[in-house]
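Asks: I'd like to go over a predicted model; first the sequence, then the structure.
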Amino acid sequence: MEEASFLLSLLALTLSSMDLALAIVWSERASYKWSKALVVFASTVFGLIFCFSIASFLNLFPGVVVYSVLEGVCMALAVMVGAFLFVFSPIFFNFLIARPTSKAEKVVFPILGTVFLGIGMLNIFLPLPWFPTTALVMMLSLILYVSILMGRSFPRIKDRTIRLVTLVMMIVSFSLMPFFILSLFIASIRTLVILASSCAYFITLLVFLFAANSRETMKEKREKKSDEEEEKVTEGIYESYHITEREREIIALVKKGLTNKEIASSLGISVNTVNNHMANIFSKTNVSCRIDLLNLLSEASW
């Protein structure tokens, strides 16, 4: 049993490190506020699995004193991860299925997370014989709630990538449910069930992060292509109206909303010179004001 736990912990450590790496990459590219929270969560999980792997290794050698210390650290990290799951899971899965987080979810799940954290920390210093079973039941309830939530929303999901990720998560959750329930009654297999299920969810998270990073890459390519096309169109406009290099610099600052005085200060020229350039630009483009000039450039870029 100890050997199997150690091997599973190594697999979980490998998968969690990949999750952490991809979560960091995605958080730097994505604009979602909670993407940073995902990095914190992945870091905590990695720390938990790392400590557990060392503890599992030392457990192969009875009598090692360090094991008891690591066991306490693992318990503390496990409680933190569990509490975080209650707070973060509804936000993450509602984002995945494009469903607004309800007011009840915003209140109930943080309370459950706080309760889980409080009881879990108390259990570290004052062992509660009923805590492991209670914690497992709470986690089972969370998994069941999220699975039902995804199942109800699945038919309305149009995006193929999101449908794939949601389907994988539902399959993993419902497949592991019998083993979770069995571990409630057979304590000896509980650690193996938790490790195996952790590996399954780590793989599921990898699927999401690979898909999310791929989407960000495609988005960046589209934006880059759009910028290049707009630049070509703008260049064509400048050539057709015989706009000089200095006039192009002034137009670029006009686009930023700078006044003639601010443009003069930025380019190191007098305000009168800027006024003359603006008059020439208006004459060449046959417009009478800045707004008409900006509208002309905007319409041409479409």
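Replies: Great, that's in hand. Numbering: from 1, shown residues only.

Asks: distance check, residue 109 against residue 138.
Replies: Counting by CB to CB, to the nearest Å, the gap from residue 109 to residue 138 is 11 Å. Where you see a C-beta, it was placed from the backbone N, CA and C, and this is true even at glycine.

Asks: any residues in contact with both of the two?
Replies: Between them, residue 109 and residue 138 have residue 86 as joint contacts when contacts are counted by CB atoms under 8 Å, 6 or more residues apart in numbering.

Asks: tell me which helix or strand comes right after the helix or strand hosting residue 16.
Replies: Assessed by DSSP states H and E, residue 16 sits inside helix 2-29. Scanning forward in sequence from helix 2-29 by DSSP H and E, the next helix or strand is helix 35-58.

Asks: give me the contacts around that next one.
Replies: Outside helix 35-58, the residues that reach it (CB under 8 Å, 6+ apart) are 2, 5-6, 9-10, 12-13, 16-17, 19-20, 23-24, 26-27, 64, 66-67, 70-71, 73-74, 77-78, 80-81, 84, 88, 92, 198, 205.

Asks: make a PyMOL selection of whichever of the residues you listed turn out to be buried.
Replies: If you want just the buried ones from these in PyMOL, going by 16 or more other CB atoms under 10 Å, the selection is:
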select buried, resi 5+6+9+12+13+16+17+19+20+23+24+26+27+67+70+71+73+74+77+78+80+81+84+88+92+198+205
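
Asks: ranges for the helices of this structure?
Replies: Assignment of helices within the chain using DSSP state H yields the ranges 2-29, 35-58, 66-96, 103-125, 131-153, 160-185, 190-240, 245-255, 260-267, 271-285, 290-301.

Asks: so what's the gap between the shortest one and the chain middle?
Replies: The gap between where helix 260-267 is centred and where its chain is centred comes out at 42 Å by CA atoms, centre = their mean, to the nearest Å.

Asks: just the fourth one next, same as before
Replies: Relative to the centre of its chain, helix 103-125 is centred 23 Å away, using CA atoms, centre = their mean.

Asks: swap in the third one?
Replies: Centroid separation for helix 66-96 versus its chain: 17 Å, with CA atoms, centre = their mean.

Asks: for it, packing partners?
Replies: Contact analysis of helix 66-96 by 3 or more CB pairs under 8 Å, 6 or more residues apart in numbering; DSSP states H and E lists helix 35-58, helix 103-125, helix 131-153, helix 160-185 as its packing neighbours.

Asks: tell me the most buried of those?
Replies: Per-stretch averages of neighbours, counted by mean count of other CB atoms under 10 Å, single out helix 35-58 among the helices and strands packed on helix 66-96, with a mean of 20.

Asks: any idea of the mean pLDDT in it?
Replies: Confidence over helix 35-58 (mean pLDDT, whole number) is 82.

Asks: same check, this time on stretch 166-173
Replies: For stretch 166-173, mean pLDDT rounds to 86.

Asks: now do stretch 86-104
Replies: Averaged across stretch 86-104, pLDDT comes to 82.

Asks: how about residues contacting that stretch?
Replies: 32, 34, 37-38, 41, 105, 109-110, 112-113, 116, 138, 142, 146, 149-150, 153-154, 156-157, 162, 165-166, 169, 208.

Asks: next: stretch 150-168.
Replies: Outside of stretch 150-168, the residues that reach it under the criterion CB under 8 Å, 6+ apart are 93, 96-99, 169-170, 204, 207-208, 211, 214-215.

Asks: chain center to that stretch: distance?
Replies: Relative to where its chain is centred, stretch 150-168 has its mean C-alpha point 18 Å off (CA atoms, centre = their mean).

Asks: with stretch 91-105 instead?
Replies: Centre to centre, stretch against its chain (CA atoms, centre = their mean), the figure for stretch 91-105 is 14 Å.

Asks: and residue 187, how far from residue 70?
Replies: Here the distance between residue 187 and residue 70 works out to 20 Å (CB to CB).

Asks: tell me where the model's unsure across the protein.
Replies: Filtered on pLDDT under 70, the chain yields the residue ranges 1, 31-34, 62-69, 223, 225-230, 233, 299-302.

Asks: domain-wise, how is it divided?
Replies: In terms of domains, the chain is parsed into 2-221, 241-301 (source: automatic domain parsing).

Asks: dump the ones you listed into CSV; add distance to residue 232 as well.
Replies: Listed next are the domains of the chain as CSV, based on distance: least, CB to CB, whole Å:
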stretch, distance to residue 232
domain 2-221, 17
domain 241-301, 10
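
Asks: out of those, nearest to residue 231?
Replies: Between residue 231 and those, the shortest separation by CB to CB is 9.3 Å, and it involves domain 241-301.

Asks: one step back: indicate which one of the domains of the chain is closest to residue 235.
Replies: With respect to residue 235, and counting by CB to CB, the nearest of those is domain 241-301 at 9.2 Å.

Asks: the closest one: how far from the chain's middle?
Replies: In terms of CA atoms, centre = their mean, the gap separating the centre of domain 241-301 from the centre of its chain is 42 Å.
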